[in-house]
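*Asks:* Provide a 3D model corresponding to the input given below.
(2 chains)
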2 protein chains.
Amino acid sequence: MTTQTCPDTPQEVRSAIRSGRWKEVTAKAAQGYTQANLVIVPRALAFDFLLFCQRNPKSCPLLEVIEDGKSEPVYTAPGADLRTDLPLYRVFNNGDLVAEVDNVTEWWRGDLVSFLLGCSFTFESALVNAGIPLRHWVENKNVSMFVTNVNAETAGIFSGPMVVSMRPIPRNKVVRAVQVTSRYPLMHGAPVHIGDPSLIGIEDLNQPDYGDKIDVKDDEVPVFWACGVTPQAVALTSKPPFMITHSPGHMFVSDLRDEQLATF
Amino acid sequence: MTTQTCPDTPQEVRSAIRSGRWKEVTAKAAQGYTQANLVIVPRALAFDFLLFCQRNPKSCPLLEVIEDGKSEPVYTAPGADLRTDLPLYRVFNNGDLVAEVDNVTEWWRGDLVSFLLGCSFTFESALVNAGIPLRHWVENKNVSMFVTNVNAETAGIFSGPMVVSMRPIPRNKVVRAVQVTSRYPLMHGAPVHIGDPSLIGIEDLNQPDYGDKIDVKDDEVPVFWACGVTPQAVALTSKPPFMITHSPGHMFVSDLRDEQLATF
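*Replies:* Next up, the predicted model:
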């Protein structure tokens, strides 16, 4: 196996990452298996962050919480190690990025609690499978993401705006897009807004806050989903003394199949 | 208003309870509005209990968590007070019932965190509305509840068996019963088991661990749902130093309509 070969199973992906053979983004890895955002905070902040997730389930859908003293996600990927099995991590002190590293063994502490949060990769595949084209896939770009004027619900030190991703959807496919993504509440679920961006505080669709500019054509409607960047953005705004996250696009690949997590 | 008159709105119900005019079970109060189980633990145990709920979403579906220092559920019933607005409470020390009281003002402490959990009253109404008869309604009994041999997922000090409720469903309505209750994941959702009770460790359907004996007729199948008694049973087994719950049947009546919480 080389870094050019995309592994097929979650176990192969994690093994390749752990041994340094895979350092890329995970977008095309182990298709059909659920990928996850990672947020790690000290136990002293864990109740606040867990409560933040409970109050903001569309932005922060919880797949698993790994208690302090442990780094194995026994529910979503038994045998995996969250310290080594993601391709790239970010380490923050007081909201400042202090390191971007391919494992966090050196940074690990006994009081760290890890949170795995659902990721939009799942519902994007489902949209494409349902015959709804995604322009950023076709153009090989990153999705457009925007900071809104909608506040996330506050919990303890964690507060800040909801971040959304935008996908242009053909007018005659908007209802289907709502139906398809509603099946995956643990991966952000149904959209949070359809249409006029100004109603959620977005001034210019051509100037995303994260990701790439994606054109919206005349026969399309901009549709907005709660975005997994929210917890990172909020957490950084809140400046926790110590935090580790995945690096964007470099997700944790779990053993769960997307369809196991569909609600109906 | 007398204690014989069943109030129609959640605000009326809570006001009648708070003033002592209503002391009954809440089963028939404010039809169509979501009722909730209440569990209150000290902040020192709040992360563990919140994690227990995250890991056992069918038994412990979280409607709202009210942080220490507060007793107003601002999301589900702004203006309400959890110390006074339920008809009957239970107070436990180290797993022992030490008081059953109509308000907990005397027992309140600044470090208490409150959890409101969804309740089966919601999906029972939905079943009846869908043309599926409920024998315990017809016979004016309590539903049968059983301790299973299925362990709830452990979190911190909280561990123990899952408790289920059983409803006999006509064979030709079982699929519909799954569909109807699947719409309410925040009120225990779809069944956890259909058919042979012995497969989940229930020896005799005629000897429920809680509630009343309910007959299962020849053309019916016993269907089992995760039960809101689970957190109380588990919490008691785990013997937390201090805990407050509602008294069975004496629920918190929220301002949310059941249909607001349906997923589709």
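*Asks:* in this structure A:Val91 contacts A:Val104, no?
*Replies:* Yes: between A:Val91 and A:Val104 there is a contact at 6.8 Å, judged by C-beta atoms under 8 Å. Where you see a C-beta, it was placed from the backbone N, CA and C, and this is true even at glycine.
*Asks:* so between these two, which is more surrounded?
*Replies:* Using other C-beta atoms under 10 Å in any protein chain shown as the criterion, A:Val91 and A:Val104 rank with A:Val104 on top: 21 against 18.
*Asks:* overlap in contacts of A:Val91 and A:Val104?
*Replies:* Contact criterion C-beta atoms under 8 Å, 6 or more residues apart in numbering or on different chains; residues shared by A:Val91 and A:Val104: A:Ile244.
*Asks:* name the helices or strands packed onto the helix or strand harbouring A:Val223?
*Replies:* Element membership for A:Val223, per DSSP states H and E: strand A:220-226. In terms of contact count using 3 or more C-beta pairs under 8 Å, 6 or more residues apart in numbering or on different chains; DSSP states H and E, strand A:220-226 is assigned the packing partners strand A:161-170, helix A:174-182, strand A:193-194.
*Asks:* can you tell me which of those is most buried?
*Replies:* Comparing those by mean neighbour count (mean count of other C-beta atoms under 10 Å in any protein chain shown), strand A:161-170 comes out on top with a mean of 23.
*Asks:* ok, that one near chain B or not?
*Replies:* No: shown here: strand A:161-170 not in contact with chain B (C-beta under 8 Å from any C-beta of the partner chain), separated by at least 15.9 Å.
*Asks:* give me the neighbour count for the closest residue to chain B within chain A.
*Replies:* The nearest approach of chain A to chain B comes at A:Phe47, 4.2 Å away (C-beta to the nearest C-beta). When neighbours are counted by other C-beta under 10 Å, A:Phe47 registers 24.
*Asks:* and it, helix, strand or coil?
*Replies:* Classification of A:Phe47 using DSSP: H, G, I helix; E, B strand; the rest coil returns helix.
*Asks:* next one: A:Ser198
*Replies:* The assignment at A:Ser198 comes out as helix when based on three-state DSSP.
*Asks:* run a quick neighbour tally on it.
*Replies:* A:Ser198 has 11 neighbours, counted by other C-beta under 10 Å.
*Asks:* just to revisit the earlier point, mind putting the helices and strands packed on strand A:220-226 into TSV with mean pLDDT and distance to B:Ser159?
*Replies:* Formatted as TSV, these follow (pLDDT from 0 to 100; distance: least, C-beta to C-beta, whole Å):
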stretch	mean pLDDT	distance to B:Ser159
strand A:161-170	96	35
helix A:174-182	96	34
strand A:193-194	98	41
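*Asks:* mind checking these for the one nearest to B:Val65?
*Replies:* Closest approach to B:Val65 among the helices and strands packed on strand A:220-226 (C-beta to C-beta): strand A:161-170, 19.2 Å.
*Asks:* what packs against that closest one?
*Replies:* Under the contact rule (3+ C-beta pairs under 8 Å, 6+ apart), strand A:161-170 is packed against helix A:135-138, strand A:144-151, strand A:220-226, helix A:229-238.
*Asks:* export the ones you listed as TSV, with columns for mean pLDDT.
*Replies:* Putting these into TSV (pLDDT from 0 to 100) gives the following:
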stretch	mean pLDDT
helix A:135-138	91
strand A:144-151	95
strand A:220-226	98
helix A:229-238	84
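*Asks:* which one, of the ones you listed, ends up nearest to B:Gly95?
*Replies:* For the helices and strands packed on strand A:161-170, distance to B:Gly95 was read as C-beta to C-beta. The smallest value, 35.8 Å, belongs to helix A:229-238.
*Asks:* point out the other helices and strands that whatever helix or strand comes next after that closest one packs with.
*Replies:* Scanning forward in sequence from helix A:229-238, with DSSP H and E defining helices and strands, the next element found is strand A:242-246. Under the contact criterion of 3+ C-beta pairs under 8 Å, 6+ apart, the helices and strands touching strand A:242-246 comprise strand A:33-42, strand A:89-93, helix A:229-238.
*Asks:* is the helix or strand just after strand A:242-246 up against chain B anywhere?
*Replies:* Where DSSP H and E defines the elements, the next helix or strand beyond strand A:242-246 is strand A:252-257. No: with C-beta under 8 Å from any C-beta as the threshold, strand A:252-257 lies outside contact range of chain B, at a closest distance of 14.8 Å.
*Asks:* run through the neighbouring helices and strands of strand A:252-257.
*Replies:* Packing partners of strand A:252-257 (3+ C-beta pairs under 8 Å, 6+ apart): helix A:10-18, strand A:33-42.
*Asks:* next one: stretch A:235-242 to chain centre, how far?
*Replies:* A distance of 18 Å separates the C-alpha centroid of stretch A:235-242 from that of its chain, computed with C-alpha atoms, centre = their mean, to the nearest Å.
*Asks:* in it, what's buried?
*Replies:* By neighbour count, with 16 or more other C-beta atoms under 10 Å in any protein chain shown as the criterion, the buried positions of stretch A:235-242 are A:235-236, A:238, A:240, A:242.
*Asks:* span of that stretch from start to end?
*Replies:* Using C-alpha to C-alpha, to the nearest Å, the span of stretch A:235-242 from its first residue to its last is 10 Å.
*Asks:* show me what the residue lying closest to A:Trp107 once chain neighbours are set aside is bridged to.
*Replies:* Nearest residue to A:Trp107 in three dimensions, chain neighbours excluded: A:Val91, at 5.4 Å (C-beta to C-beta, 6 or more residues apart in numbering or on different chains). On the basis of DSSP bridges, A:Val91 takes part in beta bridges with A:Ala99, A:Ile244.
*Asks:* and the gap between A:Val91 and A:Val101?
*Replies:* Applying C-beta to C-beta, to the nearest Å, the value for A:Val91 to A:Val101 is 7 Å.
*Asks:* overlap of the contact sets of the two?
*Replies:* Shared contacts of A:Val91 and A:Val101, counting by C-beta under 8 Å, 6+ apart, come down to A:Trp107.
*Asks:* for the helices and strands packed on strand A:242-246, which one sits closest to A:Arg109?
*Replies:* When the helices and strands packed on strand A:242-246 are compared for distance to A:Arg109 using C-beta to C-beta, the nearest one is strand A:33-42, at 7.3 Å.
*Asks:* report the angle between the closest one and helix A:229-238.
*Replies:* Between strand A:33-42 and helix A:229-238, the angle comes out at 10 degrees (axes from the mean of the first three to the mean of the last three C-alpha atoms, to 10 degrees).
*Asks:* before we move on, back to that, measure the nearest residue to the residue of chain A closest to chain B once chain neighbours are set aside to B:Asp85 for me?
*Replies:* The shortest distance from A:Phe47 to any residue that is not its chain neighbour, by C-beta to C-beta, 6+ apart, is 4.2 Å, and that residue is B:Phe47. Taking C-beta to C-beta as the measure, B:Phe47 and B:Asp85 are separated by 26 Å.
*Asks:* equivalent analysis for A:Ser238, please.
*Replies:* When C-beta to C-beta is the yardstick, A:Ser238 and B:Asp85 sit 32 Å from each other.
*Asks:* repeat that for A:Ala235.
*Replies:* Noted for A:Ala235: a distance of 34 Å to B:Asp85, by C-beta to C-beta.
*Asks:* cool, A:Val223 as well?
*Replies:* When A:Val223 is compared with B:Asp85 (using C-beta to C-beta), they lie 40 Å apart.
*Asks:* contact partners of stretch A:148-157?
*Replies:* Residues outside stretch A:148-157 that contact it (C-beta under 8 Å, 6+ apart): A:45, A:47-49, A:51-52, A:54-56, A:59, A:158-164, A:192, A:200-202, A:224, A:230, A:234, A:238, A:240, B:67, B:75.
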